[in-house]
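*Asks:* sequence? don't have it. structure:
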């Protein structure tokens, strides 16, 4: 739905006024709160780092070494329904959930904060700016059903940082971790400290990680050197029992990162992120709770060819705010609120060899997207059941301040406006004391991203085709349903989930032979266009069984099938069936584990997008964890013990050889030490 243009300044003032005036409203009435957490939300998957007590329930526990890993995309791959697009061997894995990727996924930190990529080739996706040593868990909402944290077209991934624990007496604690991985000589270090008082919880945290090139299972060296470090602080101040303010400031820095799949490497990435939150509880008001969350992120990114004859400096800005009110009474809960988000990207400097022709405009064209949205969610608890209805309405405006001549000739006015509607309903029923069935149905719309609308002849995808954005894209629509069954008792946890997604105006790319590519190395231009109809379907299942007091096993499997309904061709970049099996023995101070993984062959590929078939592979990893003394642990892992030579289906092809993907790391001995005090 299109609207008449209004100025950016007016839109910004409108969004800011609505959001920041919300806290001043007063509401009067009596109400009775309820605890909806007593009911199991089986549609939410949680990946947790450190779990106290029983691990065979719905939360998925990972290794302590995840405190050290800088790659949040790799952390998400703990469940088989999430894979990742990899352009570098050790850096910035871009998550893919059920074939949904990039801006089809809503990736946020603590419900709101994120940073849009500055690099047109996505060297720095939003997930690369997550500080893993501050993350306690990741919530994964699959499907277009939960709109409180933003537009959830294909799903929402919410990284939740450590929650403050206030104490009557001053307490000081922290954590120090260090690790080494033999294949690639990777050193990892991180530290976290906390001062807790009755009114204040103050954190300092940081990490430093550096690695060289690793060898794949064939003994070949893979360009994958990197340097990554971050530093930050977080303060939580409790004004009284009903009000708390949180401020977090952190910087993420990357240096000299090799991207084997791209023509350029990362010279530096300098990111600053700020987040300010306030939470207020009301004892005698119509609404019980008000949450305000604001954020600002700036990414200063430089990339260049290995010989530095070509260098490009770019910058992106992301800022926004969210205000949410909660009302609970009897067996009902209502959430409602507004949010605002602004994303922009610009080119700062471009150094090119003298023989290259000047570009027609820059890659980003100084583009911007502003969006203001209203959301609401209603929950009703019944005896043995729960009903949820969610809605969201987004006004989306985009523009480019410095469009190229090509864009002006093709599209004329390059600004665009959309009004997107989102709606979902879900019902969960307790079939027995131990089993539960849930049915969800939703419809979500998403406008094109900065890349999809305004990228100007820049290689982004798997092949060397230059992508041409399209500001005239229609919002794509996802109509989806999920059926989920869950069974749980003291020893067994089982869940099965099937889904079907019918996609309208799906955003993809079409080759335009009539448009000349900028680079002589590119075979042509692919323009972003809408596909009338497409579909995705698949399933996931997980089974955990504690069959002996010290022994437990986990099995998980996921599969997605997708195709263009008009042409019958497969949609590109859909990873194959993935199966995981884990066996763990816990002998008090010593824990031993074995992890087996099988990825099937993927022959449903679309060669129009440079896709190749991927052979199946299997992996076996062994690990052990030993408590040296209280709160001090040693982790040992032998990964890929059979030194398999393999590549994930979503790994991009090498910049020097488009017939070969980035190969994964061969056998490696990984050591880690963590001490908490």
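*Replies:* Cool, got the structure. None of the values given here were measured: they were computed from a predicted structure.

*Asks:* give me the element residue 451 is part of.
*Replies:* helix 450-454 (DSSP states H and E).

*Asks:* show me what contacts the residue nearest to residue 603 when sequence neighbours are not counted?
*Replies:* Closest residue to residue 603 apart from its sequence neighbours, by Cβ to Cβ, 6 or more residues apart in numbering: residue 613 at 4.8 Å. Any C-beta I mention is one placed from the backbone N, CA and C, and that applies to glycine too. Contacts here follow Cβ atoms under 8 Å, 6 or more residues apart in numbering; on that basis residue 613 touches 601, 602, 603, 605.

*Asks:* Find the residue closest to residue 327 in space, skipping its chain neighbours.
*Replies:* By the measure of Cβ to Cβ, 6+ apart, the closest residue to residue 327 outside its immediate chain neighbours is residue 334, 4.5 Å from it.

*Asks:* Around the one you found, count how many other residues there are.
*Replies:* Counted with other Cβ atoms under 10 Å, residues neighbouring residue 334 total 16.

*Asks:* helix/strand/coil for it?
*Replies:* What DSSP: H, G, I helix; E, B strand; the rest coil gives for residue 334 is strand.

*Asks:* Any idea what it is bridged to?
*Replies:* Beta-bridge pairing for residue 334 (DSSP bridges): residue 327, residue 378.

*Asks:* quick one: residue 178 and residue 188 touch, right?
*Replies:* Yes - between residue 178 and residue 188 a contact is recorded at 6.9 Å, counting by Cβ atoms under 8 Å.

*Asks:* between the two, which one's more packed in?
*Replies:* Using other Cβ under 10 Å, the more surrounded residue of residue 178 and residue 188 is residue 188, with 23 against 16.

*Asks:* who's in contact with the closest residue to residue 351 other than its chain neighbours?
*Replies:* Of all residues not flanking residue 351 in the chain, residue 311 sits nearest, at 4.2 Å (Cβ to Cβ, 6+ apart). Counting by Cβ under 8 Å, 6+ apart, residue 311 touches 267, 302, 303, 304, 305, 349, 350, 351.

*Asks:* contacting residues for the last one?
*Replies:* Residue 351 makes contact with 304, 309, 310, 311, 312, according to Cβ under 8 Å, 6+ apart.

*Asks:* Check the gap between the second one and residue 351 for me.
*Replies:* Looking back up the chat, that one is residue 309. Taking Cβ to Cβ, to the nearest Å as the measure, residue 309 falls 8 Å from residue 351.

*Asks:* May I see the buried residues of the helix or strand hosting residue 409?
*Replies:* When elements are assigned from DSSP H and E, residue 409 belongs to helix 405-411. By neighbour count on 16 or more other Cβ atoms under 10 Å, the buried set for helix 405-411 is 406, 407, 410, 411.

*Asks:* what's in contact with it?
*Replies:* With Cβ under 8 Å, 6+ apart as the test, helix 405-411 has contacts from 360-361, 365, 400, 414, 454, 456-457, 468-472, 515.

*Asks:* burial count for the nearest residue to residue 465 once chain neighbours are set aside?
*Replies:* Distances taken as Cβ to Cβ, 6+ apart place residue 526 nearest to residue 465, at 4.3 Å, with adjacent residues excluded. Neighbourhood size, residue 526 [other Cβ under 10 Å]: 24.

*Asks:* residues contacting residue 526?
*Replies:* Taking Cβ under 8 Å, 6+ apart, we find residue 526 in contact with 461, 465, 466, 467, 468, 509, 510, 511, 512.

*Asks:* So for it, what's the pLDDT?
*Replies:* Confidence at residue 526, expressed as pLDDT, is 94.

*Asks:* what about it, distance to residue 469?
*Replies:* Residue 526 is 11 Å from residue 469, where distance means Cβ to Cβ.

*Asks:* Note down every partner strand of the biggest strand by length in the chain and its orientation.
*Replies:* Using DSSP state E, we find that the single longest strand of the chain is strand 525-548. Using DSSP bridges, strand 525-548 pairs in its sheet with strand 466-468 (parallel), strand 492-511 (antiparallel), strand 551-564 (antiparallel).

*Asks:* C-terminal to the last one, what's the next element?
*Replies:* To tie it back to what came earlier, the one meant is strand 551-564. strand 578-587.

*Asks:* The closest residue to residue 467 other than its chain neighbours: neighbouring residues, count only.
*Replies:* Among residues not flanking residue 467 along the chain, residue 460 sits closest, at 4.6 Å (Cβ to Cβ, 6+ apart). A count of nearby residues for residue 460, using other Cβ under 10 Å, gives 21.

*Asks:* and residue 460, what does it touch?
*Replies:* 120, 121, 122, 451, 467.

*Asks:* so the host helix or strand of residue 441 versus strand 492-511, what angle?
*Replies:* In this structure, residue 441 is located in strand 435-446 according to DSSP H and E. Using axes from the mean of the first three to the mean of the last three Cα atoms, to 10 degrees, the inter-axis angle of strand 435-446 relative to strand 492-511 is 20 degrees.

*Asks:* what pairs with strand 435-446, and is each one parallel or antiparallel?
*Replies:* If you go by DSSP bridges, strand 435-446 pairs up with strand 416-430 (antiparallel), strand 476-488 (antiparallel).

*Asks:* Enumerate the positions of the longest one that are buried.
*Replies:* Of the residues in strand 416-430, those scored as buried under the neighbour-count criterion (16+ other Cβ under 10 Å) are 416, 417, 418, 420, 422, 423, 424, 426, 427, 428, 430.

*Asks:* what's the answer for stretch 631-650, then?
*Replies:* Neighbour-count burial for stretch 631-650 flags 633, 635, 637, 639, 640, 644, 646, 647, 648, 649, 650 (criterion: 16+ other Cβ under 10 Å).

*Asks:* average model confidence for it?
*Replies:* Averaging pLDDT along stretch 631-650 gives 96.

*Asks:* in which helix or strand would I find the residue lying closest to residue 273 once chain neighbours are set aside?
*Replies:* Leaving aside its chain neighbours, residue 273 sits nearest to residue 297 (4.6 Å; criterion: Cβ to Cβ, 6+ apart). According to DSSP H and E, residue 297 maps onto strand 289-304.

*Asks:* Just give me how far that strand sits from the chain centre.
*Replies:* Offset of strand 289-304 from its chain centre (Cα atoms, centre = their mean, to the nearest Å): 14 Å.

*Asks:* again with stretch 580-588
*Replies:* Between the centre of stretch 580-588 and the centre of its chain there are 28 Å (Cα atoms, centre = their mean).

*Asks:* Contacts made by that stretch with the rest, please.
*Replies:* Residues from elsewhere that reach stretch 580-588, judged by Cβ under 8 Å, 6+ apart: 80, 550-557, 591-597, 627.

*Asks:* what is the mean pLDDT for the strand holding residue 441?
*Replies:* What strand 435-446 shows for mean pLDDT is 97.

*Asks:* any weak-confidence spans in the stretch 351-500 of the chain?
*Replies:* The stretch 351-500 of the chain contains no residues with pLDDT under 70.

*Asks:* same question, the chain
*Replies:* 1-40, 49-67.

*Asks:* Pick out the residue nearest the middle of it.
*Replies:* Central residue of the chain (Cα atoms, centre = their mean): residue 107, 4.1 Å from the mean position.

*Asks:* Cheers, nothing more for now.
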